[in-house]
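Engineer: Starting from these lines, generate the structure:
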Amino acid sequence: MRPIITRTLTILAVAAGITATAAAGHFDITKTGLERALGPTFANLYVQQAGILGITGITPTTIGANASCDKGGPKVADVGAGPNWICMMSWTDNKGQHQDGKFEVTVRTDTTYVAGGPSKIVGLATITDTHGHDVTNPVFEFDGVIPTGS
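Structural biologist: Here you go, the predicted structure:
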């Protein structure tokens, strides 16, 4: 009977450890990783938005998007999952003007994220395409993945 109790306790301890690790956040989620993922994702989607609007000559390189992220303020470590990431994004818009915008980011433990930007700069949830149809604005709110090991 004793080995069964010991094995059961061991299994419960391992399960508790896994749960605690998952609750604390994925260890590969870092400020640097999020910044490296967010800028290029935004730039690619901004190019897609320009195409929807009929604007040509825009590339991820001309946009030059850069993100600077912080999780929960100065007293919180900039690692792990959570809904409290704020990223300041800077880029050159489709008119050649420098833009800065605050993006609220939720990072999940599986290293995926959802980012939402300022509608005054990136537009509303829907935009009108060149054919007069209302379509989803790809940069209003978007998903991405933080590469593991970043």
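
Engineer: quick one: the strands in this structure?
Structural biologist: In the chain, the segments counted as strands under DSSP state E are 66-71, 82-92, 98-107, 112-116, 126-128, 134-136, 141-145.

Engineer: Pull out the buried residues from the last one.
Structural biologist: When burial is assessed from 16 or more other Cβ atoms under 10 Å, strand 141-145 yields the following buried residues: Glu141, Phe142, Gly144. C-beta coordinates here come from the backbone N, C-alpha and C atoms, glycine included.

Engineer: List the residue ranges of this protein that fall below the pLDDT cut-off.
Structural biologist: Applying pLDDT under 70 to the chain flags residues 1-27, 149-150.

Engineer: Show me which of the buried residues of strand 141-145 is closest to Gly39.
Structural biologist: Gly144 (10.1 Å; Cβ to Cβ).

Engineer: Distance of the most centrally placed residue in the chain relative to Val107?
Structural biologist: Closest to where the C-alpha atoms of the chain average out (Cα atoms, centre = their mean) is Tyr113, at 4.0 Å. Separation of Tyr113 from Val107 (Cβ to Cβ, to the nearest Å): 5 Å.
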